[in-house]
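Undergrad: Turn this into a structure:
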Amino acid sequence: MTTLTRREFLKSSGALVVAFAAPPLTGAVAQVAGGKPALAPTELDSWVAVLPDGRVQAFFGKMDMGQSLEVAIAQIVADELDVACDKVDVLMGDTGTSCNQGGASGSTGVSNGGRLLRNAAAEARRLLLEGASRKLDVPVDQLQVEDGVIRSAAKQVSYAELVGGKYFHHQVEWNKQVGNAMDIKVHAKPKSPADYKVVGKSFARRDVAWKVYGTDRFVTDVRVKGMLHARVIRPPRAACQVRGVDEASIRSIRGARVVREKDFVAVVAPREWDAVRAAQMLKVDWHALDGAFPAMDQLHEHIRSAKVVKREEPVKKGDLAAAFSAPGVRIVEAQYEWPFQSHASMGPGCAVADARVDRCTVWTGSQKPHFVRDGVARLLGMAPEKVRAIWVAGPGSYGRNDAGDAALDAAFLSKATGKPVRVQGMRADGTAWDPKGPACVHRARAAIDASGKVIGYEFVSKGFSRQHIATNESDPADSLVGQATGIPAKGTQIFGVPAESYGFENKLLAWETIAPLVENCSPLRTAHMRDPVGPEIHFGAEQFIDELAAAVGEDPVAFRLRYLTEARHQAVVKAAAEKAGWQARNSSERTMKGRGIAFAERNGTAVAAVAEVEVERSTGRIWARRVVVAHDCGLVINPQGLRYTIEGNVVQGISRAVYEQVRFDRDAVSSVDWASYPILEMQDAPATIEVLLINRPEVAPSGAGEPTMRVIPAAVANAFFDATGVRLRKAPLNAERVKAALSRA
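TA: From the prediction side, this is the model:
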């Protein structure tokens, strides 16, 4: 496998980028000669290209993790350039061809990534029209574009005919704000939604056929000539040091050898099976340091009693103390618990790295390849421009799983061996050692006056920081190889609060974090999972809203509508309830079948979900047989793709609510396979998922990759209460816990 520069790639693919520059003040035609400008966000050439055959390439710094993002970006670009959607190719997640847009993160693929490509395509269209105006000697306002052909009343010229084998050489203004909010400012004005011809229509995903028929490759399929296969030997427990390695223990395996640097140990071999055998046979003398996990059944007591490292109060209004001490008020209190959870990806992490003296190429399944580039550069002591990271589809992560560790492991081992190295973990490696979603406890209380009005509301989350390690691979300190070779972890103390618009006049939303159980090289290190801390927070917050509704004898839907202050938020609750056929009823009638609702907002997207469940008393099984979702993310780009994304949220949300928890003993994670870390299986998936899309073309699109995730656990828990009269405040709502709760009731 050879490594191409972006320029070489464009040449080999026949790409010639149009070369019209803005005309000088005299109005004369100015065609700029010269080669490809440097890949930079201030160059229009870094975002869009027109090929000699009229096809369009969009260079996208994010990637599609199975959420129809690729085709959505193609639709956006196609609309701005007036070409057919199937003529737009989206080149994703390659640091050699695209600028850093923050990777797949925060459901910003369309909201931020799409906005940037929309502006770039609009600017390209403006330049093409100006070029056609000069060529045809027709004013721009008398030109029309249809499928890449610019026409006047008597003349026409295609984009392909306008291509002169040069580049735009056109500067744009790069605007990088806080976080993932990135954009470019251009002279062109993007189209009004009323003029869209492609956006708003359903187009099929482009990644399904090749995945079904195996006609393209996953990251596990990448092969480089002369590469070695590697397995990294993780310690048997947290807080370990290596006292010695018996390299003779694998001497019988031809070609296998040990690579060790401080507490990092790996084996490499020309054949993968030999690397697997060597990892199993290698004798390592591990020395256990001080530090152990609490007993698993004491985890949440540990969280409650642990010293608070950091506290923030993002929402604080009114006089809460006065509200809770007012005469005649009734106090309602509850606590909710959430476990550690694993990504439990369908496959363990894998990466291939080819580190040379002066450059390195990494093929990675990480959702943030630009950050992999930066992390590898730091780890190997190279300049970032000497490292190229290429995203290749892997098992997915929806946050940070073990893909990032695999990439840095591979780069480290490639440099150490002087050969390309392919690293892949085993199932147990991925499930035990991937970064975890944090365990936490949520304390809720409210003051209700004699009229049944909530006059005071407090919700405080306490748990492990959701970012013991950063959510990208740009710093070796956040990787297992970095920590094992002596770079201390440097976590960030951060959590979150409920995202809603309940208008309680005296209100406090706060979070508290505690120290990690083990600082370095811990299988219980935390990082982002899909919708970081959203499901766990709203599992508590939206159950508590139902508990308050019950306390005042009000229907849960009516109660929410009474306190929600924003029209869009009220609209999704009304829409979900109507679609589900919601009817207020006597809560004393328990049939082991129930329905529950939950609402939340995430970065501008409002979601409400109604879950209908059936509970089997004898087995403890909860089956969420029907789920109805009302979803408002502003402008809808691809309705069918959006529905698929929401359905994925529903299935994964049920899995996390009902089945998933990391099990551990005092030393290590014990849930390392599908038996010990079960996830939702086909027979327990909903029979029906109904999605109601509230399209608002006048509102810029916001994210859809995560918002539905945060409402599903609470909707299921509220439905369980409706079915049984028993409130389960501890996740997961698994069979063991359900049977115990019902027997007590």
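
Undergrad: only C-alpha atoms for contact and neighbour calcs from this point on.
TA: OK.

Undergrad: SS state for residue 241?
TA: Recorded secondary structure, residue 241: strand (DSSP: H, G, I helix; E, B strand; the rest coil).

Undergrad: Residue 559 looks like it's in a helix, true?
TA: Yes: assigned with three-state DSSP, residue 559 falls within a helix.

Undergrad: For it, which non-adjacent residue is closest in space?
TA: residue 549 (5.8 Å; Cα to Cα, 6 or more residues apart in numbering).

Undergrad: who's in contact with that neighbour?
TA: 555, 556, 559 (Cα atoms under 8 Å, 6 or more residues apart in numbering).

Undergrad: and the first one, how many residues sit next to it?
TA: So that's residue 555. 17 (other Cα atoms under 10 Å).

Undergrad: quick check: mean pLDDT across stretch 158-169?
TA: Averaged over stretch 158-169, pLDDT sits at 83.

Undergrad: Make 323 the first number, not 1, from now on.
TA: Yes, from this point I'll number from 323; that puts the last item at stretch 480-491.

Undergrad: That stretch: which residues count as buried?
TA: Using 16 or more other Cα atoms under 10 Å as the test for burial, stretch 480-491 gives 480, 481, 482, 484, 485, 487, 488, 489, 490, 491.

Undergrad: How far does that stretch stretch from one end to the other?
TA: Chord length of stretch 480-491, first to last residue, is 20 Å (Cα to Cα, to the nearest Å).

Undergrad: now it, how far from the centre of its chain.
TA: Relative to its chain's centre, stretch 480-491 lies at 37 Å (Cα atoms, centre = their mean, to the nearest Å).

Undergrad: Ok, stretch 876-889 next?
TA: 30 Å.

Undergrad: Kindly report the same for stretch 471-482.
TA: That offset, for stretch 471-482, works out to 43 Å (Cα atoms, centre = their mean).

Undergrad: is it fair to say the residue nearest to residue 881 lies in a helix?
TA: Yes: membership of residue 871 in a helix is supported by three-state DSSP.

Undergrad: Distance of it relative to residue 1001?
TA: 32 Å.

Undergrad: what does residue 365 give?
TA: 46 Å.

Undergrad: where does the stretch 823-972 of the chain have low pLDDT?
TA: Scanning the stretch 823-972 of the chain for pLDDT under 70 picks out 909-911.

Undergrad: The chain now?
TA: 323-358, 486-487, 499-503, 909-911.

Undergrad: hmm, back to that, any chance of a markdown table for the buried residues of stretch 480-491, columns secondary structure and distance to residue 723?
TA: Below are the buried residues of stretch 480-491 laid out as a markdown table (DSSP: H, G, I helix; E, B strand; the rest coil; distance: Cα to Cα, whole Å):
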| residue | secondary structure | distance to residue 723 |
| --- | --- | --- |
| 480 | strand | 46 |
| 481 | helix | 43 |
| 482 | helix | 43 |
| 484 | helix | 46 |
| 485 | coil | 43 |
| 487 | coil | 43 |
| 488 | coil | 42 |
| 489 | coil | 39 |
| 490 | coil | 39 |
| 491 | coil | 39 |
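
Undergrad: Max pairwise distance over those: which two?
TA: 480 and 491 (20.3 Å; Cα to Cα).

Undergrad: mind checking how far the spatially most central residue of the chain is from residue 666?
TA: The chain has residue 720 as the residue nearest its centroid, 3.7 Å off, counting by Cα atoms, centre = their mean. Distance of residue 720 to residue 666, given as Cα to Cα: 11 Å.

Undergrad: now residue 476
TA: When distance is defined by Cα to Cα, residue 476 is 61 Å away from residue 666.

Undergrad: With neighbour numbers in mind, choose between those two.
TA: Neighbour count, other Cα under 10 Å: between residue 476 and residue 666, residue 666 has more, with 28 against 7.

Undergrad: which SS state does residue 834 fall under?
TA: strand.

Undergrad: Kindly confirm whether my reading is correct that it touches residue 636.
TA: No: with contact defined as Cα atoms under 8 Å, residue 834 does not count as touching residue 636 (11.4 Å).

Undergrad: Next, the distance between the ends of stretch 907-926.
TA: So stretch 907-926: terminal residues 32 Å apart, Cα to Cα.

Undergrad: Now the buried residues of stretch 480-491 in a markdown table, please, with extra columns for distance to residue 392.
TA: Listed next are the buried residues of stretch 480-491 as a markdown table, based on distance: Cα to Cα, whole Å:
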| residue | distance to residue 392 |
| --- | --- |
| 480 | 25 |
| 481 | 23 |
| 482 | 24 |
| 484 | 27 |
| 485 | 25 |
| 487 | 27 |
| 488 | 27 |
| 489 | 24 |
| 490 | 24 |
| 491 | 26 |
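
Undergrad: Now do the SS call for residue 711.
TA: strand.

Undergrad: ok, for it, nearest residue in space, not its chain neighbours?
TA: Residue 711 sits nearest to residue 684 (Cα to Cα, 6+ apart), 4.7 Å away.

Undergrad: Please verify my assumption that the one you found contacts residue 712.
TA: Yes: at 6.1 Å, residue 684 counts as touching residue 712 under the criterion of Cα under 8 Å.

Undergrad: How about stretch 548-568, which residues are buried there?
TA: Applying 16+ other Cα under 10 Å to stretch 548-568 flags 549-557, 559-564 as buried.

Undergrad: Also stretch 914-929?
TA: By neighbour count on 16+ other Cα under 10 Å, the buried set for stretch 914-929 is 914-929.

Undergrad: among those, which are in strands?
TA: 915-924, 927-929 (DSSP state E).

Undergrad: what helix or strand is residue 933 on?
TA: Using DSSP states H and E, residue 933 sits in strand 927-937.

Undergrad: Tell me the first helix or strand C-terminal of that strand.
TA: By DSSP H and E, the next helix or strand past strand 927-937 is strand 944-954.

Undergrad: same for the helix or strand just after that next one, what does it pack against?
TA: Downstream of strand 944-954, the first helix or strand assigned by DSSP H and E is helix 961-980. With contacts defined as 3 or more Cα pairs under 8 Å, 6 or more residues apart in numbering; DSSP states H and E, the packing partners of helix 961-980 are strand 944-954, strand 1010-1015, helix 1034-1046.

Undergrad: Tabulate the CA atom coordinates of helix 961-980 in PDB.
TA: Once non-C-alpha atoms are left out, helix 961-980 reads as follows in PDB (Å, rounded to 0.1, in the frame of the first residue of the first chain):
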ATOM      1  CA  PRO A 961     -35.700  12.200   6.300                       C
ATOM      2  CA  GLN A 962     -35.000   8.500   5.900                       C
ATOM      3  CA  GLY A 963     -31.400   8.800   7.100                       C
ATOM      4  CA  LEU A 964     -32.600  10.800  10.100                       C
ATOM      5  CA  ARG A 965     -35.100   8.100  11.000                       C
ATOM      6  CA  TYR A 966     -32.500   5.400  10.800                       C
ATOM      7  CA  THR A 967     -30.300   7.400  13.200                       C
ATOM      8  CA  ILE A 968     -33.100   8.000  15.600                       C
ATOM      9  CA  GLU A 969     -34.000   4.200  15.500                       C
ATOM     10  CA  GLY A 970     -30.300   3.500  16.300                       C
ATOM     11  CA  ASN A 971     -30.600   5.700  19.300                       C
ATOM     12  CA  VAL A 972     -33.700   4.000  20.500                       C
ATOM     13  CA  VAL A 973     -32.200   0.500  20.300                       C
ATOM     14  CA  GLN A 974     -28.900   1.500  21.900                       C
ATOM     15  CA  GLY A 975     -30.800   3.500  24.600                       C
ATOM     16  CA  ILE A 976     -32.900   0.500  25.500                       C
ATOM     17  CA  SER A 977     -29.800  -1.700  25.700                       C
ATOM     18  CA  ARG A 978     -28.100   0.700  28.100                       C
ATOM     19  CA  ALA A 979     -31.200   1.200  30.200                       C
ATOM     20  CA  VAL A 980     -32.100  -2.500  30.600                       C
END
